[in-house]
Every structure is written in C-alpha cells, then in structure tokens.
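K.L.:
Sequence plus the predicted model coming up.
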Amino acid sequence: MRSSTVPRPPAVEDGTTPPRDPGAARRLRRGLLGLTATVALLVGAAVPLAAVAAASAPVLGVAAWGSSADGRTTVPAGVENVLSLAAGRTHSLAANGDGGVVAWGRGSYGQTSVPDGLTGVVAVSAGDYSSHALKSDGTVVSWGYDGDGQVSRSAALTGIVAISSSRDNSLALGGDGTVTAWGSNGLGEGLVPAGLGGVTAIAAGQRHSLAVSSGRVVAWGWDLYGQTDVPAGLEGVVAVAAGETHSLALKEDGTVVAWGASSDSVVVDYGQTTVPAGLSGVVAIAAASDYSLALKGDGTVVGWGRSSAGQLQFPAGLAGTTALAAGPDHVLARGPRPVLTADAPPASGSLGAAASYTFAADNPASFAVASGSLPDGLTLSASGLLTGTPTTKGTSTFAVSARNPFGATVGASHTFAVSETTVAPTLTGDPPAATVGAPYDFDYSVTGTPAPTVSLVSGRLPAGLSLGDRGGLTGTPTTAGRSTFTLRASSAAGSAETTSTVVVSPAAAAPAISGTPGAGVVGTPYDFGYTVSGFPVPSVAVSAGALPPGLTLTPAGRLSGTPSTPGTFMFTLAARTDTAGAETTSTVTVTAPTGAPTLSGTVAAGVVGSAYDFHYAVSGTPAPSVSLVSGALPAGLTLDATGRLSGTPTTAGTTTFSIQAANSVGTARATSTLTVSPKQVATKADLRVDLSAPASAVKGRTLTYTLITTNAGRAASASVFSQVVLPAGVQFVSATGSYTRVGNVVVFQRAGLADGRTVSEKITVRATVSGTATALAAAFSTKTPDPSVRSNADTASTTIR
C-alpha cells in the first residue's frame, strides 16, 4: 500500500448538481471520487461480465445489500425474471424479462424516472446520476443527469450489443466489434484507441476504460493509480471490470487478475487488487470504487477490498447467484427465488390433536404466512415447520411464502378445516321392506368425526338399489326377494359394520278386511284378530264409531284388551294402504260380570249435635243396594243405598240395627251397634273429619276423595293437620290446596282452625287394581288438646271394577 500526505478531494454532495469544470485539475479531483462501475452485458456476442446463464427456476429475483440510504437496496415488487442489473451511486436498475426497466433509490436528477413506453430492453447500465438501457434493436435510451452529455449523446447510437457506464462516462460495444464512448472525457476515458476492433467485452471505470480484443486487455484514460497498466503477458481474457482506482480481468481458465490501486500520493489500496489465493472457477466479475467481486460457476460470490457500507457482508443464504452489479456502496445480485418443493399441508385436523407439517424449498429459505391466517393454535417457524394443536373449530385459508435474498415465492392457497376431536364411527339402521316398482329411500344412522364413508363390504344390495357414501340406500327395486348384506362406515378414527336384510315384495294388491268379533265381559281379557290381506300390508284403524272402552286395535287388525264398560258398541274398521282401502263394520256386546255382595264395617260412636258420617264397605257386581232390614237407626241419621250412614244425632242412647247389601246375585247382611253420647258443652277446640268417595269406580279411570275438617268446639285449634292414607289399589294424581305427600299419605297442614270453621280438600287418584279400596282420614292438632278424638278419623270405601 502506498500513502501520501495529499488528501482526497471532498466528494460532491448527492442531490446537488455537480459543478462543471472544463479544467483537467478539476476533472482529476472529480475522478478521485468513488465511482459506480456497472459491468457490460453482451447481447449475442460473448459471456457477459458479472452474469452467467440463469438456473432453471420459475422466477429470477434480485438481492441487494450494502448502504440502504435513499432506498437503493429496497427492491420494489414486480422485479423478476431479470435480464440485467446496474448499480449507480444512489439508485438501482433492473431490466425485467418483459422488456421493461424498473428503477429505484434516489432520483434527484431523474435517474429513476424511466421514460414512458420504454420496452424491448435487454441490458442496463448506470452512471452516478444517469441511467442507460440497451434495446434489442441495438439502440440506447438514456435519462437522468446530462451535465457531460451522458444522456443526450446516446440517442444516435445504433447497432449496439453491450453498454457500460461509470460516473459521467459510458461505453458502447457495436456488433462490428468497435467501441464508442460518450459523456465525460476529462482524463481521456472517452478517447478510444485508434484502430481498436474485434472487441468482445468492455468496462467503464470512473476515469478509465477497458476493452477485450483477441483475449487481451486494452486500457485507456486516467492512470494515476496504475489502473491502465495492464500486466505484461495477460492473455486469454474473456471479461473485464473497472473500479475507481483498479481493474479486473477474468481469464478463460476461471482465474482473476487485478491491477491498479497503487500511488505515491494518495492512500487508495484497500486490498481491492489482492485476489484471494486459489480463487478459480470464476464466471463473472464486478468492480466498484474500492472493492471487487467474483461470481463462481457454483453460484457463490467472493469479495475482497473495502467494505465501508457492508458491500462484502453477503446476505445469509445467498446462493445460486447468476449475475452481479457493483455500485460505490451497494451491490445487486440476480438469482433464483425459492421453489417450494413441499407445499401440501394436511387439509384437516381435529381439536386438541397435534398437527405438524414441514414446508420445504429447493434452496435455503425462510418461511412465513403470505396471506390469510393459520388455524388458531398453529404456528409456522422460519424454517418451515407448521406445528401446534388446533384450539378453534372452523376453516382457515392461507398461503405460505419461501424467501431468500432474491425475494419470496408464494405457494398455493391452502384450506385447513378443524373439526371436533376424532370419534370412532358408528353405523346403525334397520331398513324397511321394499316393493317392486316403488321408490325406496332409507338413511342409515352414521356418526363419527371426521365424517365416515359408508361402503358395501359383503353380500349384495337388492336389484335397483344403490348405496351412497353417507349411508343413503335409495332407488327403485326391480326384483322381489330377500337380500342380506354388510355395510362398513370408515374414517381415520376407525370403522363400524352392520348387517341388514331387505325383503322386496311383489307389486301392490288391493286391501281386504273381514271378521266377526264375539261378545266380551267387563274385567275379562279379550282378543280377536281380523283377517287382513293386501300388498303393501294394509294398516287397520277405526274409521267410524268407537271401540269398547278397554279395548285397543293394532294396525295389523288385532282387537284386544280388557273391557271396562258394559254395553253394545258398533264401529267401522278400515284397512288402508297409500293408494287403496277396504272397510268392515262390527258390533261387540260387553256385559258386566256377576259377583255376590259383601258388606262390612264397624260404626263409630256419635255425639248429639255433632255431624256423623260413616261408610260401610260394600262390594259386588252388579253394584249392590244397601238398606235397613231390622232395628232402627239412631235418631237424626240416615242410610243411603251405597252404605253411607250420615247425619247429626239428636238423641243420646245405644241403638242396634241390621242392614243388607243386595244385587241380582245375592245378599249380604251386617249388624251394628251405635252409641250416641249426650252433647258436651265445652270451651275447647274439637276437631272432626269426614272423608267421602264414590261407591264404585272403573279400573284405569280417576275418582276423587273429599276431605272435610271441622272445628266443632268453642275454641280455636292451632297447628292443625289433616291427612289421608290412600289404599293400595289407587295411584295419586293431584290434590287441592297446600299439601305434602309422602308415599301414599297426603297431609294438609294449617296454622290454625277457628271454632265453628270447616275446610274442604279434594284428592284425585287413579284406580289401578280391581276390588274394594278403603282410604283412611284423620285430623289432629299438635298444640291444642282435643276432647273428642273419636270423631278425628273416618274411612271411605270404593269398589273398583
């Protein structure tokens, strides 16, 4: 490295118009500034500088690094399938595969304002503040700063196959192998040597120029640092690159030769000419102000020199590079964006069940969700691992992108359905019979998560029927017969099977019904079957009249049950199918059964002036009539035909009498002795209870008990309870008022009952057993003494038929 006390001249501030100085000294000072060296891309001539054939990939993108000022390394969307790249001082260019140009970064002098309608571009180059595009027709279009004619003078160029630009100067290679220079020529960089021809590659440096002719390098222009002192014997060169103070040459054997960057007056040697030992396999080169780049055939990039803005700090994952462009403090590279090689995640999952899938690309890439959203509970790592446990049922749609330094590739859109946790399938169903020619439709019950698929695993379906994958058996049977088959419901959670038999009957026959039912007896089981025919099998129902109570009719024509009511009953039955019907009218006579009377009961004592009520237990069929046959009843009492002795005694004394229960079958007698006590005058409370019920009831129907509680005393009674113990032959249905029921005991409670006050409650029950059912009632106080407890209880009997 050589050094000197002579300082570098101050750089021109970006964003201001560079001063025009026709003097050589001023140009020299400008020549010392950091330059932009954009290498040439040859069209149909030779291997382009800093570019190799693109790898087979769907999209070529751009990577950018170094200084990010002014957005020069922020590659816009839509830059893809790039043909050529160029890096200026503060801006960047890309020639897209569609023939257009994309520019980004700082455009203070219009260098990023691409002319409207510019198409057919195959290569680009960039000066400090100017931009240049080579079209496929051999013309050049320029825009940006034109202080040295670097824009306006390119309009006349034709037949051009390659271009290269630096700070204010540019070179063009013609298809005939000649070189044209335009723009700045302050230090001879624009003085193309006379007779130069057969050129296959060019490179414009800051104030010097390079060309390759017959494998040798020709250099001209500024040589303060030896940048035009081509090493002796250098041959076999296929490409060149020009920096600010140094030059590079790529030989056909894949090695690189560098020179320049040496001075006795200014420190310029930053190692940009120190080619790494053993560097080989290079296919393209690029040079900028004080650093160098080499692109190897395996797509890797090697750099050396000064990395003032991170130009030599390559992005992680940079691989497969196919072209380079070097600016003073930033670098552009072309290469393939990732191709997703694994982009088929599962389409479904279950709540609470772990899910996992790994996305992959053909080269190192980082992965992210590009659109939509992942199911709740799932995450995607930068390495492409989709993991997690779904937490929310539903469907999510998303796409994943794979990104490398050259850009991102968005994969396919995916839909992921989260269902309930998997449940093993179940398959049940009893398909009905079928009829030839009649449409058939039956759905098996199929459950499970995910939804199982139903299939036939053995046997044969009836001819004309088919099975749907969700368990629907449909069609129109064509052949009568019996078919047995086995179905299976299968899913990821398992399988289940069921075996069914379907009987297919012949075509329909008109319905017919006949039969003469016999007489019935109340309480005696009855059974009669009508003769029913037809196909489909008719359904029999009552169409007019009513069946005898207690009898029922099945759809098959079976009349059965236990008659409960005597009488003659006429009714009409209809046997019907969906399309036809037949009727028959029947008469059934139900007679009452006979049974000898029974009569029993022990009467309670009475009190003069106190209400009296007692029921004898009476049974028999037909219902007996009770009457007095000897003796006399106590004065004030009467006996009714049901066996109820009631009234209010008027005379004290003891009376003996006989009563009789009689029906058509026979008679029964009972003798009772009833003592009536004198009326007691007291000032105490005196509770009395009366319980009444129907004399007879029909099994299966309801009857009602009436409970009357009276305070016959002359004082109030506190905490009064009235209760009824129901007999075993009845079933509680309901009761009035406020009550508590414990088993067959119904209790009514009151805070008190005033003297002379009477309350009444009713209890409704259903008769469940034939015979005599006797209920017991009682009334008492837990706080007030009762002088006459004999009147605190009563019974009521009912004959249930």
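P.N.:
All right, it came through fine.

K.L.:
quick one: the helices in the protein?
P.N.:
24-31 (DSSP state H).

K.L.:
tell me the domain ranges of it?
P.N.:
Domain assignment for the chain by automatic domain parsing gives 35-336, 348-419, 423-505, 509-589, 594-679, 682-801.

K.L.:
how long is the fifth one end to end?
P.N.:
Length of domain 594-679, first residue to last, Cα to Cα, to the nearest Å: 45 Å.

K.L.:
and that domain, how far from the chain's centre?
P.N.:
Taking Cα atoms, centre = their mean, to the nearest Å, one finds domain 594-679 lying 81 Å from the centre of the chain it belongs to.

K.L.:
all numbers from here: first residue = 33
P.N.:
That works, and once the first residue is 33, the last one we named lands at domain 626-711.

K.L.:
tell me the mean pLDDT over that domain?
P.N.:
For domain 626-711, mean pLDDT rounds to 93.

K.L.:
The third one now?
P.N.:
Domain 455-537 shows an average pLDDT of 95 in the prediction.

K.L.:
For P225, see how far away the residue lying closest to H278 once chain neighbours are set aside is.
P.N.:
Among residues not flanking H278 along the chain, G292 sits closest, at 3.5 Å (Cβ to Cβ, 6 or more residues apart in numbering). C-beta here means a position set from N, CA and C on the backbone, and glycine is covered the same way. From G292 across to P225, the span is 18 Å (Cβ to Cβ, to the nearest Å).

K.L.:
Looking at these two, which has the bigger crowd around it?
P.N.:
When G292 and P225 are compared for neighbours, G292 comes out ahead with 28 against 13, by other Cβ atoms under 10 Å.

K.L.:
doesn't S279 make contact with the more buried one?
P.N.:
Yes: using Cβ atoms under 8 Å, G292 makes contact with S279 at a distance of 5.3 Å.

K.L.:
what sits in contact with each of these two?
P.N.:
Q259, T260 (Cβ atoms under 8 Å, 6 or more residues apart in numbering).

K.L.:
what's the burial count for T804?
P.N.:
Considering only other Cβ under 10 Å, T804 is surrounded by 17 other residues.

K.L.:
check contacts around the nearest residue to A551 once chain neighbours are set aside.
P.N.:
In space, and not counting its chain neighbours, A551 is closest to T621: 4.5 Å by Cβ to Cβ, 6+ apart. Shown in contact with T621 (Cβ under 8 Å, 6+ apart): A551, G552, G599, T600, F601.

K.L.:
Give the bridge partners for T621, please.
P.N.:
T600 (DSSP bridges).

K.L.:
thinking Q259 is in contact with A274, fair?
P.N.:
Yes: if you go by Cβ under 8 Å, Q259 and A274 touch, sitting 7.3 Å apart.

K.L.:
Touching both of the two, which residues are there?
P.N.:
By Cβ under 8 Å, 6+ apart, the residues touching both Q259 and A274 are G237, H240.

K.L.:
So between these two, which is more surrounded?
P.N.:
Neighbour totals were compared for Q259 and A274, and A274 leads with 34 against 29 (other Cβ under 10 Å).

K.L.:
okay, now the nearest residue to that one once chain neighbours are set aside: neighbour count?
P.N.:
Distances taken as Cβ to Cβ, 6+ apart put G237 closest to A274, at 2.9 Å, once the chain neighbours are dropped. As a burial measure, G237 scores 34 neighbours (other Cβ under 10 Å).

K.L.:
just P509 next, same as before
P.N.:
24.

K.L.:
which ones are touching it?
P.N.:
A466, T467, V468, G469, A470, Y472, P494, A495, G496, L497, V536.
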